[in-house]
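In: Here you go, sequence then predicted model.
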Amino acid sequence: MSSRKPGRNWDDLRFFLAVARAGTLTAAAAQTGTEHTTVARRILALEEALNSRLFHKSHVGYALTEAGEGLLAAAEAMESAFVSATATAGGAGRTIVGTVRIGAPDGFGSVFLAPRMHRLTERHPGLEIEILATARIFSLSKREADIVISLSSPEQGRVVARRLTDYRLYVYAAESYLRAAAPIRSVGDLTRHPFVGYIEDMLFARELNYLNVIGPDATARLRSTNLLAQVHATLAGAGLCILPAFIAAAHPGLAPVLADALFLTRAFHMHIHEDHRKAAHIREVAAFIAAEVAGAQALFAGPSVAGPPL
């Protein structure tokens, strides 16, 4: 007969962390691979064992109580120690096995990473890759991803970071649009054309707020939070669009506009939680991404003839 007391082992805290981070039982169940009833039962057992209410429950989900906030710091410290110990032990044999989740901007994740990652999984049959390619910020501390590709360096937290590469953005348009539209001979002509761009108040990173560099009168008449949606709208002739060169290179129907007169420069950074830096499978994936990026510098630079950056 087991002598285990409810709420006294790491597994109970794992369920607690899942609810604290996800905010609902259903989402926490998906994270832990269980049923929501199991999550609810484990949380109740933990609360009974600690004689404390850990969550406020409402119709929108679960929010931490003061006692829950206090437990969160201790639980995350235990999680860090567990992950670090597992990574150290797992790295000893150098067998690359496990699942690595990569959070990345939609363009980089879909257009650059997705076509390349199979070469790594073929090299390591025990390795599985998950790519979260979406326009949002991913939290390493909440374990939303193992590796994060970001447009900026981390501001705080226990994060190991490296700058992957600079990349350039140019103004592009469909060749069909350029044939039918008024000619563009100078930067001043750009504001006479409609743009495709981001929804400004929904930008997940300030580095994407670049339409104003064209001029105060530049207006995105068609807007989307998704970069690939912008690409396809531009291909259909909706107007001009500022796009990364490595994205536009995949679409021969797009032509750079005034590439010899202007471009923007941004950067990709790779972040890994300090607890994971010794994990062999995560290190292998990170090294592969860095090598692929390093070998594709011409792709990220774009047209060979370029003027001064904006």
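Out: Yep, it's here.
In: what residue ranges in the stretch 51-200 of the chain score low on pLDDT?
Out: Low-confidence regions of the stretch 51-200 of the chain, defined here as pLDDT under 70, cover residues 77, 80-94, 155-157.
In: mind listing the helices for it?
Out: With DSSP state H, counting those that start in this stretch as the criterion, the stretch 51-200 of the chain has helices at 66-91, 106-107, 118-123, 175-180.
In: wait, isn't I214 in contact with L190?
Out: Yes - I214 is within contact range of L190, at 5.3 Å (criterion: CB atoms under 8 Å). Just so you know, the C-beta spots here come from the backbone N, C-alpha and C atoms, and that holds for glycine as well.
In: neighbour-wise, which of the two wins?
Out: When neighbours are counted by other CB atoms under 10 Å, I214 comes out ahead of the other of I214 and L190, with 22 against 19.
In: What strand or helix carries F204?
Out: When elements are assigned from DSSP states H and E, F204 belongs to no helix and no strand.
In: just checking, it touches T134?
Out: No - counting by CB under 8 Å, no contact exists between F204 and T134, whose distance comes to 9.1 Å.
In: ranges for the strands of the chain?
Out: The residue ranges that make up the strands of the chain, judged by DSSP state E, are 55-58, 61-64, 98-104, 127-133, 147-150, 159-174, 195-197, 220-223, 240-244, 254-257, 264-273.
In: Test of understanding: give the bridge partners of the residue lying closest to A220 once chain neighbours are set aside.
Out: Setting aside the residues directly before and after it, A220 is nearest to G197 in space (CB to CB, 6 or more residues apart in numbering), at 3.2 Å. In this structure, G197 bridges to R223 when assessed by DSSP bridges.
In: Next up, the contacts around G197.
Out: With contacts taken as CB atoms under 8 Å, 6 or more residues apart in numbering, G197 has the following neighbours: 211, 220, 222-223, 230, 241-242.
In: ditto for A248
Out: Under the criterion of CB under 8 Å, 6+ apart, the contact partners of A248 comprise 170, 172, 231, 254, 256, 302.
In: The first one bridge partners, please.
Out: With DSSP bridges applied, the residues forming beta bridges to Y170 are L243.
In: quick one: it and T265 touch, right?
Out: No - with contacts defined as CB under 8 Å, Y170 does not count as touching T265, sitting 10.8 Å away.
In: of those two, who's got more company?
Out: Here Y170 and T265 are set side by side on neighbour count (other CB under 10 Å), and the busier one is Y170, at 23 against 13.
In: Can you name the residues that contact the more buried one?
Out: Applying CB under 8 Å, 6+ apart, one finds that Y170 lies in contact with 242-243, 245, 248, 256-257, 259, 262-264, 302-303, 306.
In: how about a cut-off of 10 Å?
Out: Counting by CB atoms under 10 Å, 6 or more residues apart in numbering, Y170 makes contact with 241-245, 248, 254-259, 261-264, 302-303, 306.
In: Please report how far it lies from I96.
Out: Using CB to CB, to the nearest Å, Y170 is found at 38 Å from I96.
In: circling back to that earlier point, need the overlap of contacts for I214 and L190.
Out: Shared contacts of I214 and L190, counting by CB under 10 Å, 6+ apart, come down to 171, 240, 262.
In: Identify the residues contacting the first one.
Out: Under the criterion of CB under 10 Å, 6+ apart, the contact list for V171 reads 184, 187, 190, 193, 195, 214, 218, 240-243, 248, 255-259, 261-264.
In: again, 7 Å this time
Out: Contact criterion CB atoms under 7 Å, 6 or more residues apart in numbering gives 190, 240, 242, 256-258 as the residues in contact with V171.
In: what would the residues you listed look like in CSV with distance to A20?
Out: Formatted as CSV, the contacts of V171 follow (distance: CB to CB, whole Å):
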residue, distance to A20
L190, 48
L240, 45
I242, 39
P256, 47
V257, 48
L258, 50
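In: quick check, nearest of the residues you listed to E76?
Out: When the contacts of V171 are compared for distance to E76, the smallest value, 39.3 Å, is given by I242; criterion: CB to CB.
In: right, and that closest one touches L169 too?
Out: Yes - using CB atoms under 7 Å, I242 is in contact with L169, at 5.2 Å.
In: State the number of residues packed around the nearest residue to A114 once chain neighbours are set aside.
Out: Of all residues beyond its chain neighbours, the one nearest A114 is I131 (5.9 Å), with distances taken as CB to CB, 6+ apart. Counted with other CB under 10 Å, residues neighbouring I131 total 19.
In: With R179 instead?
Out: Per other CB under 10 Å, the neighbour tally for R179 reads 10.
In: And it, how far from T26?
Out: With CB to CB as the criterion, R179 and T26 are 51 Å apart.
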